[in-house]
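> fold the following.
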Amino acid sequence: MVVGFRKPEAVVGIFAFEVSSVMSKLVHLWESLGYEQVDRLRKFMSDSVGLKELVSHDTDFIRGLIRGELFENMIPLTKFVARLGKNHCSDLRLKDFEHAVGDLINHGVDPFGWVLPYEEMGKEAKKMESFMSVAAVLHDRMKLVSHLEGTRNHMDGPIWLEIQNKIELKRLDVAKLKEESLWNMNFNYIGILLARSVFTIFNRIKSVYGVPQLMAKDTGHTSSTPSPSIFNKYKLFDAPPDTLGAAALALKYADIVILIEYLVRSPVYVYTTRRDKLYNMLPAKMRAMLSERLPPVQSSTCSSIKDVAAEKNVAMLEMLEWLAPLAHNTNKCHSMWKRKQKAYASTRSHVLLVQTLYFASQQKTEAAIMELIVGLQYKRRAAEMLCGLEDKAEASIVLEESKSVTV
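I've put the predicted structure just below:
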């Protein structure tokens, strides 16, 4: 009879890549909650005219949008850790992870002492980044071996042997990387690492931004009474009605604003060549409204058009000072989201939806865009009529040199 025999703990294996992806998202969320990022976001909330003009002047409302987004981003990661604990870990604490995290969120209870001090969590984040880096190299090496094997199968003779030798060398690299990576870690170790990260991040969100209102309600759950997943009970993060996010127009309108910004800062002839493109980007409703807002050329004198164009030009620049950053952040946020869909794509951008046009009032944004387009029209008309010049190209050049209308 064998005494003291113990079954080896299961290792992560092929799940290493999924674990690495979850670690990447956790590290990114943790970094967004760092002191510097939090201070930067608070300054944005205080200084952003666009946020106040298009979203809300209510700081508590804005803070609620931020914490709602952060909690929403945590939900799939928390579910992953819960599944990992139930299906692969022998540690009973991890099997009870879902109940434990519910206690933390709803009652502020940390039953297993998983919430780490700020500095300790920074060290854990560095550790996860190291795991992620090795996992990315392992992934690439395994893909290379697979590619070489496919190529080898179509070869024969000396070339086949040469490729086979390369495959053997790369397989040795892969085996070494597996030994040093998440692949060879046991599930309990990884489960505890992820659980601590989830608990610490939730605790940090609560301490900085508070608890989302729906999550703060008592779910009837206690640590000793099993209940369905707390994360299946609520939808935390729907965009408010009448916003660009609710209408799925945030990215479209961001592109329009960015094009307008370019045209405002360009010579008039550029607007003339790009006018059709801008017009075609507008929704039908805005195209219909535009004709009613165009400057009445027939009844206006050259000097009056010029004066209005100068005023509109100043107004356009002032508006773009607060509107354009939201548009650029919208594009940046979309690009970041697309990169996240690719394996091992990393980003250090920490743009939240509240810094984009996602929560912007659709009506107010459309009104701002309309003002900008009307201003562009006045600028073009002034160039055409300036001093009675008939040559539009010459008028454009003169206008760009005029201090009163220069962008």
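> tell me which element the residue nearest to the spatial centre of the chain is part of?
If you average the C-alpha coordinates of the chain and look for the closest C-alpha using CA atoms, centre = their mean, you land on residue 333, 3.9 Å from that point. Using DSSP states H and E, the element containing residue 333 is helix 302-340.
> how far does that helix sit from its chain's centre?
Shown here is helix 302-340, whose average C-alpha point lies 21 Å from the average C-alpha point of the whole chain (CA atoms, centre = their mean, to the nearest Å).
> in that helix, which residues are buried?
Within helix 302-340, the residues that qualify as buried by neighbour count (16 or more other CB atoms under 10 Å) are 305-310, 312-313, 316, 319-320, 322-334, 336. All C-beta atoms are positioned from the backbone trio N, CA, C, and that covers glycine.
> follow-up on the earlier one: does the nearest residue to the residue nearest to the centre of the chain once chain neighbours are set aside count as helix, strand or coil?
On the basis of CB to CB, 6 or more residues apart in numbering, the spatially nearest residue to residue 333 that is not a chain neighbour turns out to be residue 351, at 4.7 Å. The three-state label given to residue 351 by DSSP: H, G, I helix; E, B strand; the rest coil is coil.
> is residue 351 in contact with residue 332, as I believe?
Yes. Distance between residue 351 and residue 332: 5.3 Å, which falls inside the contact criterion (CB atoms under 8 Å).
> before we move on, which element is the closest residue to residue 149 other than its chain neighbours in?
On the basis of CB to CB, 6+ apart, the spatially nearest residue to residue 149 that is not a chain neighbour turns out to be residue 167, at 6.2 Å. Under the criterion DSSP H and E, the helix or strand holding residue 167 is helix 157-180.
> chain center to that helix, what's the gap?
Computed by CA atoms, centre = their mean, the separation of helix 157-180 from the middle of its chain amounts to 39 Å.
> and residue 286, how many neighbours does it have?
Under the neighbour criterion other CB atoms under 10 Å, residue 286 is assigned a count of 17.
> residues in contact with the closest residue to it other than its chain neighbours?
Distance criterion CB to CB, 6+ apart; nearest residue to residue 286, sequence neighbours excluded, is residue 366 at 6.0 Å. Under the criterion of CB atoms under 8 Å, 6 or more residues apart in numbering, the contact partners of residue 366 comprise 253, 285, 286.
> please apply the same query to residue 85.
Contact analysis of residue 85 by CB under 8 Å, 6+ apart lists 91, 94, 95, 96, 97, 98, 191, 195.
> swap in 6 Å and give it another go.
For residue 85, the contacting residues are 94, 95, 97, 191, taking CB atoms under 6 Å, 6 or more residues apart in numbering as the criterion.
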